[in-house]
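[1] predicted model and sequence below, questions to follow.
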Amino acid sequence: MSVIANRVAPAVGLASHLGRAFRRIGTDTLIGRLLPLPRTIGDLDAAAMSALMDRRVTSVSVIGGDAGTSSRARLALTGDDVPSSVFVKMAAETVATRLMGELGNLAGTETRFYSQLAPELTGVPRSYGSRFDPYTGRFVLVLEDLAVGECDFPDTLHPIDADRAALVVELLARLHATFWGRLPARSGTGPFGWLYSASEDSASLLTAPLLKASARKLSERTELPIGRGRFIDDHYRAAAALVDRGPHTVMHGDAHPGNLYFRDGRAGLLDWQAVRRGHPGRELAYTLVTSMTTGTRRECQRDLLDVYRRALADAGGPELAASELWDRYRQGALYPYVATLITAGMGGMQNEDIAHKGLERALEALDDLETVTLLQNSL
């Protein structure tokens, strides 16, 4: 492909991506209320839940809810062979948040994950039913209510220790091994063709401007060494493509501590709306950097990568060379930096303390893993 084509194709893809987002929201505005898919938590009555779950629900009541990139609620149910409660995700209430979700294709990705990939995996909340409307982008996902059991939910301010990190990397190894060697050479073909790498996403054209805007904003009100990642800000597309080179498998894509849970001595993962294809080094770096204190990560990260390599091979995946995985992991520390800088800089997606702690750890990882130097020498 020529240099011009390399520049034009992503721009055309982004324009198409934006066009689809506006078409869906426009269609929803015009005729969405005429369609049968429930639009709000309040629309989830017994009849709607019966249709979604394909079992008879006789009553529904709201236990509680909140909002983020989607509208979420816990519902109490009665009926025939139904759980006492479920967790439901629906389209976000505001147009701005829905546009952000459309750029990441969050709804289509997560509903597709639960219908096509989740049945082969463990450490995933059970799905009782889902619907996705490709014309309006609206969706409903009915999941197991983890809050009723003895689950532990960490976050960035409550980091995990080495033992729990080992459980997480074993879970990631099982995920990666399950789909290793089953993806097409390129996205777009076959049953797994809908999976693409983060750097292939046409919306990634917006990442570099967001990085620079976030860096400017944060440099005015924080003492964190934001300039440590300037090379990544200036060369994001080339660096991201380097991190995303093959071999590829299915990745959770957003395995930060807020999307982890622990139950019965095993780890699990929530929020599968950013599922991507990619190399394990990217996912491992993102998870370990954001989930552990910097000191703990430094002490045990090599051991944890060895745990991952053994678990991957035991689950039917390849035997990765330790030195190769170590370098891919170091390069992959680009990802926690990019994600946490934009989250902290743009605001509104996470509690500010959580966002800034994640960014602090990501900047420390760029330093001790010498990620920028490694990227510079590889490009």
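    Happy to help now that I have it.
[2] all helices of this structure, in order?
    Taking DSSP state H, the helices of the chain run over residues 3-31, 46-53, 95-103, 106-112, 162-179, 207-219, 230-234, 236-243, 280-291, 294-314, 322-332, 334-346, 352-368, 371-378.
[3] and among those helices, the most buried is which?
    The highest mean neighbour count among those, using mean count of other CB atoms under 10 Å, belongs to helix 280-291: a mean of 27. (Each C-beta comes from the backbone N, C-alpha and C, glycine too.)
[4] ok and that one relative to helix 294-314, angle-wise?
    Between the axes of helix 280-291 and helix 294-314, defined by axes from the mean of the first three to the mean of the last three CA atoms, to 10 degrees, the angle is 140 degrees.
[5] mind starting the numbering at 58 from now?
    New numbering, starting at 58: the last item is helix 337-348.
[6] helices and strands around helix 337-348, which ones?
    For helix 337-348, the packing partners by 3 or more CB pairs under 8 Å, 6 or more residues apart in numbering; DSSP states H and E come out as helix 219-236, strand 306-308, helix 351-371, helix 379-389, helix 391-403, helix 409-425.
[7] so what touches the last one?
    Right, helix 409-425. With CB atoms under 8 Å, 6 or more residues apart in numbering as the test, helix 409-425 has contacts from 212-214, 275, 279, 281-283, 285-286, 313, 315, 342, 346-347, 349-351, 354-355, 390, 393-394, 396-398, 400-401, 404, 406-407, 428-429.
[8] can you do 7 Å?
    Helix 409-425 is contacted by residues 212-214, 281-282, 285-286, 346-347, 351, 355, 390, 393-394, 397-398, 400-401, 428-429 when judged by CB atoms under 7 Å, 6 or more residues apart in numbering.
[9] between the helices and strands packed on helix 337-348, which one is closest to L267.
    Ranking the helices and strands packed on helix 337-348 by proximity to L267 (CB to CB) places helix 391-403 first, at 5.0 Å.
[10] which helices and strands sit right next to the closest one?
    Packed against helix 391-403 by the contact rule (3 or more CB pairs under 7 Å, 6 or more residues apart in numbering; DSSP states H and E) you find helix 264-276, helix 287-291, helix 293-300, helix 337-348, helix 409-425.
[11] just how off-centre is it within its chain?
    Helix 391-403 has its average C-alpha position 13 Å from the chain's average C-alpha position, going by CA atoms, centre = their mean, to the nearest Å.
[12] just stretch 246-254 next, same as before
    Relative to its parent chain, stretch 246-254 has a centroid offset of 17 Å by CA atoms, centre = their mean.
[13] do stretch 92-104 as well
    26 Å.
[14] try stretch 381-397
    Distance of stretch 381-397 from the chain centroid (CA atoms, centre = their mean) equals 15 Å.
[15] equivalent analysis for stretch 346-355, please.
    19 Å.
[16] kindly export that stretch (C-alpha atoms) in PDB.
    Taking Å, rounded to 0.1, in the frame of the first residue of the first chain, the C-alpha atoms of stretch 346-355 are listed here in PDB:
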ATOM      1  CA  VAL A 346       0.700  -1.900  35.600                       C
ATOM      2  CA  THR A 347      -2.800  -0.600  36.600                       C
ATOM      3  CA  SER A 348      -3.700  -3.400  39.100                       C
ATOM      4  CA  MET A 349      -0.600  -3.500  41.300                       C
ATOM      5  CA  THR A 350       1.500  -1.000  43.300                       C
ATOM      6  CA  THR A 351       4.600  -0.100  41.400                       C
ATOM      7  CA  GLY A 352       6.800  -1.700  44.000                       C
ATOM      8  CA  THR A 353       5.000  -5.000  44.000                       C
ATOM      9  CA  ARG A 354       4.900  -5.100  40.200                       C
ATOM     10  CA  ARG A 355       8.600  -4.500  40.000                       C
END
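[17] now tell me what touches it from outside.
    Contact partners of stretch 346-355, identified using CB under 7 Å, 6+ apart, comprise 213, 216-219, 222, 313-314, 317, 345, 390, 393, 397, 415, 418-419, 421-422, 425.
[18] can you list the weak-confidence ranges in the stretch 108-257 of the chain?
    Low-confidence segments of the stretch 108-257 of the chain (pLDDT under 70): 124-126.
[19] now do the strands in it.
    With DSSP state E, counting those that start in this stretch as the criterion, the stretch 108-257 of the chain has strands at 114-124, 127-136, 142-148, 184-189, 196-201.
[20] what's in contact with stretch 383-396?
    Residues from elsewhere that reach stretch 383-396 (CB under 7 Å, 6+ apart): 264, 268, 286, 289, 296-297, 299-300, 336, 338-339, 341-343, 346-347, 362, 419-420, 422-423, 426-428, 431-432.
[21] for stretch 214-229, C-alpha coordinates in PDB please.
    Taking Å, rounded to 0.1, in the frame of the first residue of the first chain, the C-alpha atoms of stretch 214-229 are listed here in PDB:
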ATOM      1  CA  LEU A 214      -7.000   2.500  44.900                       C
ATOM      2  CA  HIS A 215      -7.200  -1.100  46.300                       C
ATOM      3  CA  PRO A 216      -4.400  -2.900  44.400                       C
ATOM      4  CA  ILE A 217      -4.000  -6.600  44.200                       C
ATOM      5  CA  ASP A 218      -1.100  -8.500  45.600                       C
ATOM      6  CA  ALA A 219       1.200 -11.000  43.800                       C
ATOM      7  CA  ASP A 220      -1.000 -14.000  44.600                       C
ATOM      8  CA  ARG A 221      -4.100 -12.400  43.100                       C
ATOM      9  CA  ALA A 222      -2.100 -11.200  40.200                       C
ATOM     10  CA  ALA A 223      -1.100 -14.800  39.500                       C
ATOM     11  CA  LEU A 224      -4.800 -15.700  39.400                       C
ATOM     12  CA  VAL A 225      -5.400 -13.000  36.900                       C
ATOM     13  CA  VAL A 226      -2.600 -13.900  34.600                       C
ATOM     14  CA  GLU A 227      -3.700 -17.500  34.700                       C
ATOM     15  CA  LEU A 228      -7.200 -16.400  33.700                       C
ATOM     16  CA  LEU A 229      -5.800 -14.300  30.800                       C
END
